[in-house]
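[1] build the 3D model from these lines:
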Amino acid sequence: MSILNQPAIYDDLLDVLAEGANAERLLVFRLSEPLQARLDTLLDKNCEGTLTDEEVAELDAYERFEHLVRLLKSRVLQKQES
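    Residues are numbered from 1 along each chain as shown. Modelled structure (predicted):
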């Protein structure tokens, strides 16, 4: 597996989740208001260059989570088209 194809490491898990998921519910999934507010704060602080090391790690976790959700939504859409 090349570094350019990192989403492939999630393939098996995404297939299981996509097959068993409520597609409509998953496709409209959004962070809760408190989590979205925290993410917005972190993004603002990132733009200002004022993130602490702990906040950098927290923002990285949000980014990894968002990437996984996007991959899952994409997989659900692919399965709906099949």
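[2] longest helix anywhere in the protein?
    In the chain, taking DSSP state H as the definition, the longest helix is helix 53-81.
[3] residue ranges in this protein under the pLDDT threshold?
    1-8 (pLDDT under 70).
[4] please repeat the previous calculation with a cut-off of 90.
    1-27, 68-69, 71-72, 75-76, 78-82 (pLDDT under 90).
[5] quick check, central residue of it?
    Centroid-nearest residue in the chain: Glu66, 1.7 Å away (criterion: Cα atoms, centre = their mean).
[6] state the distance from it to Ser74.
    Plainly put, Glu66 is 13 Å away from Ser74 if you go by Cβ to Cβ, to the nearest Å. C-beta here means a position set from N, CA and C on the backbone, and glycine is covered the same way.
[7] with Leu35 instead?
    Distance, Leu35 to Ser74, using Cβ to Cβ: 22 Å.
[8] now Asn22
    Asn22 is 16 Å from Ser74, by Cβ to Cβ.
[9] more neighbours: the two, which one.
    For Asn22 versus Ser74, neighbours defined as other Cβ atoms under 10 Å are more numerous around Ser74 (13 against 8).
[10] so whatever helix or strand Pro34 lives in versus helix 53-81, what angle?
    Following DSSP states H and E, one finds Pro34 within helix 33-48. Interaxial angle of helix 33-48 relative to helix 53-81 (axes from the mean of the first three to the mean of the last three Cα atoms, to 10 degrees): 120 degrees.
[11] which secondary structure elements does helix 33-48 contact?
    If you count contacts as 3 or more Cβ pairs under 8 Å, 6 or more residues apart in numbering; DSSP states H and E, helix 33-48 packs onto helix 53-81.
[12] could you pull out the buried residues of the helix it packs on?
    Neighbour-count burial for helix 53-81, counted by 16 or more other Cβ atoms under 10 Å, picks out Leu59, Tyr62, Leu71, Leu72, Lys73, Arg75, Val76.
[13] what do you get for stretch 21-34?
    Ala21, Leu26.
[14] that one: end-to-end distance?
    One end of stretch 21-34 sits 24 Å from the other (Cα to Cα, to the nearest Å).
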